[in-house]
Structure formats: structure tokens, C-alpha cells
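In: Could you look at this predicted model? Sequence included:
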Amino acid sequence: MKITVSLIKADVGGWPGHSRVHPKLIEKARESLEEAKNKGIIIDYYVFNAGDDLQLLMTHTKGVDNPEIHGLAWETFKKATEVAKELKLYGAGQDLLSEAFSGNVRGMGPGVAEMEFEERKSEPIIVFAADKTEPGAFNLPMFKIFADPFNTAGLIIDPTMHQGFKFHVMDVYEGKLIELNSPEEMYDILALIGQPGRYVIKYVYSKNPEIGIAAAISTERLNLIAGKYIGKDDPVAIVRAQHGLPALGEVLEPFTFPHMVSGAMRGSHHMPIMPVPLKYSQCTRFDGPPRLVALGFQLANGKLIGPADLFDDPAFDRARKIANEISDYMRRHGPFEPHRLSAEEMEYTTLPMVLKKLKDRWKKIGAEAKKAWAAGELTDTHD
Ligand code: F6R
Ligand code: MG
Ligand code: MG
């Protein structure tokens, strides 16, 4: 049976500030998806939050980019926005960039990770959702899961995985996609995805056509969609596991290392990503540190058996502790790079304003100053 798993998310109002989703929004979204389930539009759903992002996980048989499913998500976000407006939640409706829905939420604000596959005899899936970071935040863990034998033992010892995986990498600035093979083109893959603000892993495929897609990551960049900063493009991902694919434990292993990501505080800072259970899915300290939740499900003819809150586990305590220590270390840099992102990567900056204000106060120094002095253009120098 071919099943589509769609994870569509948007920030339609924070409570309080940009920290998390109010329970009333989750309730409203559940109501909307329950109605769709009863009408047979979707098979099943699960609504949750990653920080201030409302997450709609849906299963159905309509394929990816389906107008009815995307329309359902759009309408659900609109209904939640009404509640957010009533409660005067923060940034109500902020990710719904367009007034009119035109069949597909891609490019309109919400983030989407979707995949269609033949449901196997037993089908474990893991959905990841992060807040206060960008889609490229998944580059490092996805590489480890599907290409690093020091992470994934199966790449070496499981005959069905030994041939490796195919990575589809997107250039989010130019909107183009390339397929690269691992391990054959591993160094080329790393050359690209080591720049996560631009090159983002969008899909991973098994080289076994019977398995097909293995992972899907959202790649919407809200700031580029809107042409100006509207909100963070907090990413989501879906990963299939086991039996020819990385084991559940191999999928989760990379998150024991809280790697550095961009997107904290005003979308303009590097901070470590912190794996958390749903109860801590809120961004508090310095609007972060960026948080990640992982929910596990078994699919049963499209029914979502779960969730298992996978980071609600002492095995990730140490990662959280390290993330807190790194946060302390990074915070002490205050407004300095590398805590603050480089000028091109910041969501907004006062730098042009400061440069304009100071433009006539720069003084020439060195050889340039001597030349200007000789020409009688200068009355005052620093040398
Ligand atoms: C939002 C985010 C936050 C905000 C910050 C300032 O996703 O990353 O760090 O950028 O809280 O928000 P405003 O400008 O709305 O006060
Ligand atoms: Mg927000
Ligand atoms: Mg968010």
C-alpha cells in the first residue's frame, strides 16, 4: 500500500513571545484534522509543537504536493491563526505569507517535509522538528546517519546497506537540485553540505529501488521567500528506519552531539542544537538554544502508532548538558562572531545604517594619507 507522510508546519502565533505554541492552537488544529480524518481525506494525523511552530503530521494516499492535503494544512493554519488573534498571541499568522491559497503551500510560508513510499511489512518512521534554526541544520546529522560508518554500523556490516545512499542536495539560493552518490562522491557531498546556509540535503534515497526514499527534509527559506526577514525557516524532517535502512538507534545517534547551528536570537546567532522531549519543546534562553524533538511511530496501513517521544530519555541528558555548556561559552562572545552570524547570514542588521552614519568620519592612514597630505587635501591624519 502506497502511503504519503506529510509534515507541514508554520508559526502562526507564539505564546509567550516566540517561545512555544499555545495549547488552544493545538486543540484547534486537532479539531480541523479530526474532521478531515472523519471525511476520509487523511488516514491519520498527529498535532504537536516544536517551540513556536505548529506541526501537522498527516498520513494519506494522495501523494506529495497534493492540493487537497496542502489546502487542508493551509485552512488549519488559518483557523489556528484566528484563535491566535483572539488571544493576541505573538506574531499571529506570521508564516502565512500570502492571502490566497493556490494549491500548494510550498513557497507560501509553511515548511514541508513529505514522502510517498510502499509501506513495508513493518514501517518505523521518525519525525524531527526543530525551532530557531534552518533546514541546513539537518545536513550534519543526515550525513552521519546515511554516510558515516563511524555512526551507522549498518553501512559496513549490513549487506542491504553496504552500497550506500543517494543524497539530493538543494542550492536554496538558486532553487536547483543535484543527486550525489555516497560513498563514491562523499567528498563532493561534504564540500557542498558543509555550507548549510546554502546547500541543504532535501532527500536521501536508498540505492535499492524496492525501498526508495529514506529521508525528506523541508527546505523552505522564509527569508528568501518573502524577500525580507519574516520569521525563521525552522526545519522539519522525516526519516524511515530499519531493515535495509539505518536502525532507529543509528538515526538518533548523531543527536548525542549538539552541533552548532545558526538561527538563535533574531535569526542571527550560532548556538548548539538541543535534543528535547515534547515537554521541553520551547525556546527560552536567548530565544533558544535551538530545540529539536524526535517522535517515533510505526505505520499500520497509514495509521500512526505512536508517538514515542524519543529524546525523553537519559541517553540524551549528556547532549543537553553539553549544549548548555556550549551555550554559556557562545553567549560570552556577546555581539562578536562566531556567536553572531556573519553579515551576509544575519536575518537583519544595523550595519549599513552604522556605516552610513559614520561615512564622513573615516580618516586616511599610511601611504594614502601621505599622498592626500602632499596634495593639500588633508589637515589631520592618524599617523
Ligand atoms: C523568532 C526568533 C526570535 C526573534 C526575537 C525578536 O523565530 O528567532 O529570536 O527574532 O525574539 O523578535 P521580535 O523582533 O518579534 O521582537
Ligand atoms: Mg515566532
Ligand atoms: Mg519558530
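Out: Okay, I see it. A quick note: this is a predicted structure, and the numbers were derived from the prediction, not measured. Ligands and ions are numbered 1, 2, ... in the order given.
In: C-alpha from now on. contacts and neighbour counts both.
Out: OK.
In: what sits against Asp131?
Out: Listed by C-alpha atoms under 8 Å, 6 or more residues apart in numbering, the contact set of Asp131 reads Ala50, Gly51, Asp52, Asp53, Asp234, Pro235, Cys283, Pro290, Arg291, Leu292.
In: beta partners of the last one?
Out: With DSSP bridges applied, Leu292 shows beta-bridge pairing to Ala130, Pro275.
In: Neighbours of it, how many?
Out: Here the number of neighbours of Leu292 (other C-alpha atoms under 10 Å) works out to 26.
In: With Lys24 instead?
Out: With other C-alpha under 10 Å as criterion, Lys24 counts 13.
In: Would you confirm that Pro183 contacts Lys144?
Out: No: look at Pro183 against Lys144 with C-alpha atoms under 8 Å: they stay out of range, at 11.9 Å.
In: For this structure, just list every one of the helices.
Out: Residue ranges of the helices in the chain, as given by DSSP state H, are 23-38, 67-86, 139-147, 154-157, 186-193, 222-226, 248-252, 264-267, 317-331, 351-358, 366-374.
In: I'd like the ones you listed as TSV, with distance to Arg240 and mean pLDDT appended.
Out: Converted to TSV, these look like this (distance: least, C-alpha to C-alpha, whole Å; pLDDT from 0 to 100):
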stretch	distance to Arg240	mean pLDDT
helix 23-38	23	98
helix 67-86	21	97
helix 139-147	11	98
helix 154-157	14	97
helix 186-193	21	98
helix 222-226	26	71
helix 248-252	9	98
helix 264-267	28	93
helix 317-331	23	98
helix 351-358	44	91
helix 366-374	62	85
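In: Closest residue of the stretch 201-350 of the chain to ligand 1?
Out: Nearest residue of the stretch 201-350 of the chain to ligand 1 (C-alpha to the nearest ligand atom) works out as Arg266 at 3.1 Å.
In: Quick one: residues contacting the residue nearest to Tyr173 when sequence neighbours are not counted.
Out: Distances taken as C-alpha to C-alpha, 6 or more residues apart in numbering put Arg198 closest to Tyr173, at 6.3 Å, once the chain neighbours are dropped. Residues near Arg198 by C-alpha under 8 Å, 6+ apart: Gly136, Met170, Asp171, Val172, Tyr173.
In: which of those come close to ligand 1?
Out: Subset of those in contact with ligand 1: empty, counting by C-alpha under 6 Å from any ligand atom.
In: Look up how far Gly17 lies from the residue in the stretch 251-383 of the chain that ligand 3 sits nearest to.
Out: Nearest to ligand 3 in the stretch 251-383 of the chain, going by C-alpha to the ion, is Cys283, at a distance of 8.6 Å. As defined by C-alpha to C-alpha, to the nearest Å, Cys283 lies at a distance of 10 Å from Gly17.
In: What of Thr350?
Out: 22 Å.
In: ditto for Asp287
Out: For Asp287 relative to Gly17 (C-alpha to C-alpha), the value is 9 Å.
In: So if I had to pick from the two, which one is more boxed in?
Out: Asp287 (20 against 15).
In: dump the residue contacts of the more buried one.
Out: Counted by C-alpha under 8 Å, 6+ apart, Asp287 has contacts His18, Ser19, Lys132, Ala264, Met265.
In: Mind putting the residues you listed into a markdown table with neighbour count?
Out: Output for the contacts of Asp287, formatted as a markdown table (neighbours: other C-alpha atoms under 10 Å):
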| residue | neighbour count |
| --- | --- |
| His18 | 24 |
| Ser19 | 23 |
| Lys132 | 34 |
| Ala264 | 28 |
| Met265 | 23 |
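In: Can you report how many residues neighbour Pro352?
Out: 10.
In: Let me see the contact set for it.
Out: Neighbour list for Pro352: empty [criterion: C-alpha under 8 Å, 6+ apart].
In: Quick check: it vs Glu123, distance?
Out: Distance from Pro352 to Glu123, by C-alpha to C-alpha: 52 Å.
In: cool, and Ala308?
Out: Per C-alpha to C-alpha, Ala308 is found 14 Å from Glu123.
In: Look up how far Ile238 lies from the residue nearest to Ile156 when sequence neighbours are not counted.
Out: In space, and not counting its chain neighbours, Ile156 is closest to His162: 5.7 Å by C-alpha to C-alpha, 6+ apart. As judged by C-alpha to C-alpha, His162 and Ile238 stand 22 Å apart.
In: just Thr219 next, same as before
Out: Counting by C-alpha to C-alpha - Thr219 and Ile238 are separated by 13 Å.
In: What of Glu377?
Out: From Glu377 over to Ile238 the distance is 64 Å, taken as C-alpha to C-alpha.
In: out of these two, which sits in the busier spot?
Out: Ile238 (26 against 11).
In: now that one, nearest residue through space, not along the chain?
Out: In this structure, Ile238 finds its nearest non-sequential neighbour in Val127, 4.5 Å apart by C-alpha to C-alpha, 6+ apart.
In: what bridges to the nearest residue to Leu192 once chain neighbours are set aside?
Out: Spatial nearest neighbour of Leu192, chain neighbours left out: Tyr199 (5.8 Å); criterion: C-alpha to C-alpha, 6+ apart. Beta-bridge partners recorded for Tyr199 (DSSP bridges): Asp171.
In: Perfect, I'm done here.
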